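Novice: how does the following fold in three dimensions:
(2 chains)
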There are 2 protein chains.
Amino acid sequence: MTPPDFTGLDNHQVRLASRPEGLPTRANWQFSTQPVAAPGPGGVLVKTLYLSLDPAMRGWMNEGKSYIAPVEIGAVMRAGGIGRVVASNNPAFAVGDHVNAGLDVQTYCLIPQDQIKRSGMFKVDPALGLTTWLNLLGMPGMTGYFGLLEVGLPKPGETVVVSGAAGAVGQTVGQIAKIRGCRVVGIAGGQAKCDWVVNELGFDACIDYKKGDVKAGLKQHCPNGVDIYFDNVGGEILDLVLTRITRGARIVICGAISQYNNTTPVKGPANYLSLLVNRARMEGIVVFDYADRYHLGIAEMAGYLKAGTMKSREDVVWGLETFPETLLKLFNGENFGKLVLGVAKD
Amino acid sequence: MTPPDFTGLDNHQVRLASRPEGLPTRANWQFSTQPVAAPGPGGVLVKTLYLSLDPAMRGWMNEGKSYIAPVEIGAVMRAGGIGRVVASNNPAFAVGDHVNAGLDVQTYCLIPQDQIKRSGMFKVDPALGLTTWLNLLGMPGMTGYFGLLEVGLPKPGETVVVSGAAGAVGQTVGQIAKIRGCRVVGIAGGQAKCDWVVNELGFDACIDYKKGDVKAGLKQHCPNGVDIYFDNVGGEILDLVLTRITRGARIVICGAISQYNNTTPVKGPANYLSLLVNRARMEGIVVFDYADRYHLGIAEMAGYLKAGTMKSREDVVWGLETFPETLLKLFNGENFGKLVLGVAKD
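Specialist: Sure thing, here's the model as predicted:
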């Protein structure tokens, strides 16, 4: 078999040029182009189709220790994505296979043999929708699924509140909580998102934080208090929910998007002593801890998606070159559904 | 048998006159005197010997819902204490018995039959030291014992940090953690307290927060990070410890004495996202939840006290009339050991 010829193909890349203070700007990024190379022994070459844009990316741009190493200055920005194998020296992956892998923000990704396993690369079924594999069946879905079930520990009849309700993690948390017999109240920005999670996803209610009165909304929609709060936003909303938790409540700390672009110190939850009064718990979750069981979460949710019991909504913005601005949609709440960067249709 | 005659005996009381803003002052209290009455059927009359002064009292003085109802304006201030039964119509308690009960801040306490059980009144062995029953064998001891073991979940070899280390809860937590095979680092105010917990109680180290550099102390004494933080103080120290926690760490929220007299909002832990990065947990504890197992904690610690494996230190200040000022010692850290108000020697 003749090895495929990539002569003349360009790999367009987006690299981190400098560490942002506050919101990242175009000046923090640098575009580069390299020729596409053929894979080495055991390696594969993947063409990027869709990239997952996530709030966590903002943290990776900062210096300093976190649950994962920061992206180095000058490196191609880290991103997970869905791609199509265009060359393979690995028997587990054939040309044409669609895969989920750490592709980074570039149009082609060469994955050496020793990184295939480390990057958690796996084949995906395009019949479920390619972008679904970055949403309910991807990292955000796994985060919501394991965070809710393993840290939130929902019981039927309990009230679950989830912020960022129309986002990737929020969609998953709310729908899984409903399936588990909970009352689910979302918090989202704008009437359209609130209507969607109630009418399409079956949440019991959704509070529009842009209308302002989250406190009154919590009182109205959680008359018996909040048993589980799945927090994606932090800030004022976390403080308000803390005033409404029940005895023994669980607060899952998944993220704090309201604080990621702070140039001032993070706002800690002033009402944290509600944890004491209510013998309640606040606990962090990092999805990677559940990697050996992703397949279980995927299998369960793929079943629901096929049956129509769960729905998945992605907000796809096209063009690698739009990456700097598209990423910002996460932080001003403009995305409606899981934010995805469309790079190539096939 | 002739019933005892209490004619002419006075019950001196301290009542809450008004709700304080910030530190309570003498103006928030009101002294009253009532004649001592004989107990009704099934009731007992107890002479107050020692009263437990606790940080939680500050919270009881505030209006509003908490884990326990506030003390009403005009009511005798709530306090647990050790007393001697001076009249009894209850077969379970004989005149001369020493008891631990909710006596409130007064020289005599009449306990009706229906309150004996509700108040958790029980006989104490004076051979272990009367004030020990307000310390390691009392509420603070139970708080430390169950808080550490049931919420902190210590494992041998783990590093436990406890603030308020020389206080009632801190003494218990540190000594029980040592017995369970942990490395124990205290945080206390002043060299004398630090020396005492290390030299007398066997802590591995103690950081003097009055010297200022808690951060450096944590780095020095917890080289492998903090697995369990038992927090009695909140504020800046909680934030500093959060930067040093290990993966899967447990933070037991027992109190926040640094914040109780705030006239500004409580300072929430700005570094709470360390819970996320470290998949760690912050959880509140209220001692009453363990009431049905107090006897187990008492039995274990009484054994250690008899064997000399544990020590108990109380700071007794004499005179009911000193109550307003004595209580303040808790908030400026002047007490050395569990703060006790001595009311009568016998």
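Novice: retrieve the pLDDT associated with residue A:65.
Specialist: Residue A:65 is assigned 74 on the pLDDT scale.
Novice: residue A:28 too?
Specialist: So, for residue A:28, pLDDT stands at 97.
Novice: now it: how far from chain B?
Specialist: 22 Å (Cβ to the nearest Cβ, to the nearest Å). Yep, even glycine has a C-beta here, placed from its N, CA and C like the rest.
Novice: and that residue, what is it in contact with?
Specialist: Contacts of residue A:28 were listed using Cβ atoms under 8 Å, 6 or more residues apart in numbering or on different chains, and they are A:16, A:17, A:18, A:19, A:20, A:61, A:324.
Novice: before we move on, what about residue A:102?
Specialist: Contact analysis of residue A:102 by Cβ under 8 Å, 6+ apart lists A:78, A:79, A:80, A:81, A:109, A:119, A:120, A:121.
Novice: what's the ChimeraX syntax to select whichever of those residues are buried?
Specialist: Restricted to buried positions by 16 or more other Cβ atoms under 10 Å in any protein chain shown, the ChimeraX selection for those reads:
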select /A:78,79,80,81,109,119,121
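Novice: who wins for neighbours among the contacts of residue A:28?
Specialist: residue A:16 (22 neighbours; other Cβ atoms under 10 Å in any protein chain shown).
Novice: assign the closest residue to it other than its chain neighbours to helix, strand or coil.
Specialist: Of all residues not flanking residue A:16 in the chain, residue A:71 sits nearest, at 5.0 Å (Cβ to Cβ, 6 or more residues apart in numbering or on different chains). Secondary structure for residue A:71, judged by DSSP: H, G, I helix; E, B strand; the rest coil, is coil.
Novice: which one of the contacts of residue A:102 sits closest to chain B?
Specialist: residue A:78 (16.6 Å; Cβ to the nearest Cβ).
Novice: measure the residue nearest to residue A:16 to residue A:5 for me?
Specialist: Per Cβ to Cβ, to the nearest Å, residue A:71 is found 32 Å from residue A:5.
Novice: and those two? Which one has more around it.
Specialist: Applying other Cβ under 10 Å to residue A:71 and residue A:5 shows that residue A:71 carries more neighbours, namely 22 against 9.
Novice: so, low pLDDT: which residues of the stretch 1-150 of chain A?
Specialist: A:1-4, A:7 (pLDDT under 70).
Novice: for it, which residue gets nearest to chain B?
Specialist: Counting by Cβ to the nearest Cβ, the stretch 1-150 of chain A gets nearest chain B through residue A:67, at 4.9 Å.
Novice: that residue falls within a strand, correct?
Specialist: No - assigned with three-state DSSP, residue A:67 falls outside any strand and is coil.
Novice: ok, it - contacts?
Specialist: Contacts of residue A:67 by Cβ under 8 Å, 6+ apart are A:286, A:288, B:276, B:277, B:278.
Novice: 10 Å - rerun?
Specialist: A:56, A:59-60, A:284, A:286-289, B:247, B:276-279 (Cβ atoms under 10 Å, 6 or more residues apart in numbering or on different chains).
Novice: got it, and residue A:127?
Specialist: A:302, A:306.
Novice: that one: what secondary structure?
Specialist: Applying three-state DSSP: residue A:127 is helix.
Novice: domains of chain A?
Specialist: Chain A is divided into the following domains under automatic domain parsing: A:10-135+A:313-342, A:139-288.
Novice: now do the last one: distance to the chain's middle.
Specialist: Which is domain A:139-288. 15 Å (Cα atoms, centre = their mean, to the nearest Å).
Novice: again with the longest one
Specialist: Per Cα atoms, centre = their mean, the displacement of domain A:10-135+A:313-342 from the mean C-alpha position of its chain is 13 Å.
Novice: how long is that domain from one end to the other?
Specialist: 17 Å (Cα to Cα, to the nearest Å).
Novice: need the strands for the stretch 101-250 of chain A, in chain order.
Specialist: A:108-111, A:122-123, A:159-163, A:183-188, A:205-208, A:226-231, A:245-253 (DSSP state E, counting those that start in this stretch).
Novice: tell me what the fourth one is packed against?
Specialist: Under the contact criterion of 3 or more Cβ pairs under 10 Å, 6 or more residues apart in numbering or on different chains; DSSP states H and E, the helices and strands touching strand A:183-188 comprise strand A:159-163, helix A:168-179, helix A:191-199, strand A:205-208, helix A:214-221, strand A:226-231, helix A:235-242.
Novice: partner strands of that strand, with direction?
Specialist: strand A:159-163 (parallel), strand A:205-208 (parallel) (DSSP bridges).
Novice: picking up where we left off before, looking at the strands of the stretch 101-250 of chain A, which is buried most?
Specialist: Comparing the strands of the stretch 101-250 of chain A by mean neighbour count (mean count of other Cβ atoms under 10 Å in any protein chain shown), strand A:159-163 ranks first with a mean of 30.
Novice: for residue A:253, give me its contacts.
Specialist: Shown in contact with residue A:253 (Cβ under 10 Å, 6+ apart): A:147, A:151, A:229-232, A:234, A:238, A:269, A:282-285, B:272-277, B:279-282.
Novice: try 8 Å this time
Specialist: A:231, A:282, A:283, A:284, A:285, B:272, B:273, B:275, B:276.
Novice: closest one of these to residue A:138?
Specialist: Nearest to residue A:138 among those is residue A:285, at 15.8 Å by Cβ to Cβ.
Novice: what about that closest one, neighbour count?
Specialist: Counted with other Cβ under 10 Å, residue A:285 comes out at 23.
Novice: quick check, pLDDT for it.
Specialist: Reported pLDDT for residue A:285: 96.
Novice: that one against residue A:151, yeah?
Specialist: Yes - under the criterion of Cβ atoms under 8 Å, residue A:285 makes contact with residue A:151 at 5.1 Å.
Novice: show me what counts as buried in the host helix or strand of residue A:59.
Specialist: Taking DSSP states H and E as the criterion, residue A:59 maps to helix A:56-60. With burial defined by 16+ other Cβ under 10 Å, the residues of helix A:56-60 counted as buried are A:56, A:57, A:58, A:59, A:60.
Novice: which one is the third one nearest to, not counting chain neighbours?
Specialist: Which is residue A:58. residue A:260 (4.2 Å).
Novice: I'd say the one you found and residue A:328 touch.
Specialist: No - look at residue A:260 against residue A:328 with Cβ under 8 Å: they stay out of range, at 11.5 Å.
Novice: higher neighbour count, those two?
Specialist: residue A:260 (22 against 18).
Novice: got a list of what the more buried one touches?
Specialist: A:55, A:58, A:59, A:331.
Novice: try residue A:150
Specialist: A:285, A:290.
Novice: save the strands of the stretch 101-250 of chain A as TSV, and put in distance to residue B:46 too.
Specialist: Below are these laid out as TSV (distance: least, Cβ to Cβ, whole Å):
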stretch	distance to residue B:46
strand A:108-111	77
strand A:122-123	70
strand A:159-163	44
strand A:183-188	48
strand A:205-208	52
strand A:226-231	41
strand A:245-253	32
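Novice: show me the one of those strands that comes nearest residue B:91.
Specialist: When the strands of the stretch 101-250 of chain A are compared for distance to residue B:91 using Cβ to Cβ, the nearest one is strand A:245-253, at 36.2 Å.
Novice: from residue A:282, how far off is the nearest residue to residue A:256 once chain neighbours are set aside?
Specialist: With Cβ to Cβ, 6+ apart as the criterion, residue A:256 has its nearest non-adjacent residue at 2.8 Å, and that residue is residue A:234. Counting by Cβ to Cβ, the gap from residue A:234 to residue A:282 is 11 Å.
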